[in-house]
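[1] Next come a sequence and a model predicted from it.
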Amino acid sequence: MAPAADILGDRCPSMVLPNPVFEGSEKRVEIDFAPSAATPAAGLRALSRAQLDELMSLAACTIVSSRTNDHLDAYVLSESSLFVYPTKWVLKTCGTTKLLNA
């Protein structure tokens, strides 16, 4: 392999190699809710897709796809993941998603 000086010539390495993109560390907000007697059995899982879309727009992200099972609803977001249980809501993200706005 040729020495770096032969490859770069008089150019600075930062002019040749792109700088890495850094999005920051993963962030997570996890909220537990205490159900009341009037809470439906589905709890938070009873939220409609339109309601979830509105909440995610506040966080500056969109729902890309979803999966559901007997225990939770999982959503792949544009830069994140959302997990909805009957009494818990978990939003994990990196990038520009604004957790506290959600």
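    Received the coordinates, thanks. Model, not experiment: these values are computed from the prediction.
[2] those helices in this protein, which residues are they?
    4-8, 13-16, 49-58 (DSSP state H).
[3] Pull the contacting residues for the nearest residue to residue 84 once chain neighbours are set aside.
    Nearest residue to residue 84 in three dimensions, chain neighbours excluded: residue 73, at 4.4 Å (Cβ to Cβ, 6 or more residues apart in numbering). Placement of C-beta: from N, CA and C, glycine included. Residues near residue 73 by Cβ atoms under 8 Å, 6 or more residues apart in numbering: 45, 66-67, 83-84.
[4] was I right about residue 94 contacting residue 28?
    No: with contact defined as Cβ atoms under 8 Å, residue 94 does not reach residue 28; the gap is 10.0 Å.
[5] where do the strands sit along this structure?
    In the chain, the segments counted as strands under DSSP state E are 27-32, 63-68, 73-77, 80-84, 88-93.
[6] Make a markdown table from these and add mean pLDDT and distance to residue 52 to it.
    Listed next are the strands of the chain as a markdown table, based on pLDDT from 0 to 100; distance: least, Cβ to Cβ, whole Å:
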| stretch | mean pLDDT | distance to residue 52 |
| --- | --- | --- |
| strand 27-32 | 88 | 14 |
| strand 63-68 | 96 | 6 |
| strand 73-77 | 95 | 7 |
| strand 80-84 | 93 | 8 |
| strand 88-93 | 90 | 10 |
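[7] which regions of the protein sit below the pLDDT cut-off?
    1-25, 95-102 (pLDDT under 70).
[8] could you redo the last one with a cut-off of 80?
    1-26, 79, 94-102 (pLDDT under 80).
[9] Name the nearest residue to residue 31, ignoring sequence neighbours.
    Here the residue nearest residue 31, using Cβ to Cβ, 6+ apart, is residue 89, at 4.9 Å.
[10] Oh, that last question was meant for residue 83, not what I typed.
    Here the residue nearest residue 83, using Cβ to Cβ, 6+ apart, is residue 90, at 4.3 Å.
[11] Kindly report the same for residue 47.
    Residue 47 sits nearest to residue 84 (Cβ to Cβ, 6+ apart), 7.0 Å away.
[12] burial of the residue nearest to residue 83, as a residue count?
    The number of residues packed near residue 90 is 16, by other Cβ atoms under 10 Å.
[13] Alright, I will stop here.
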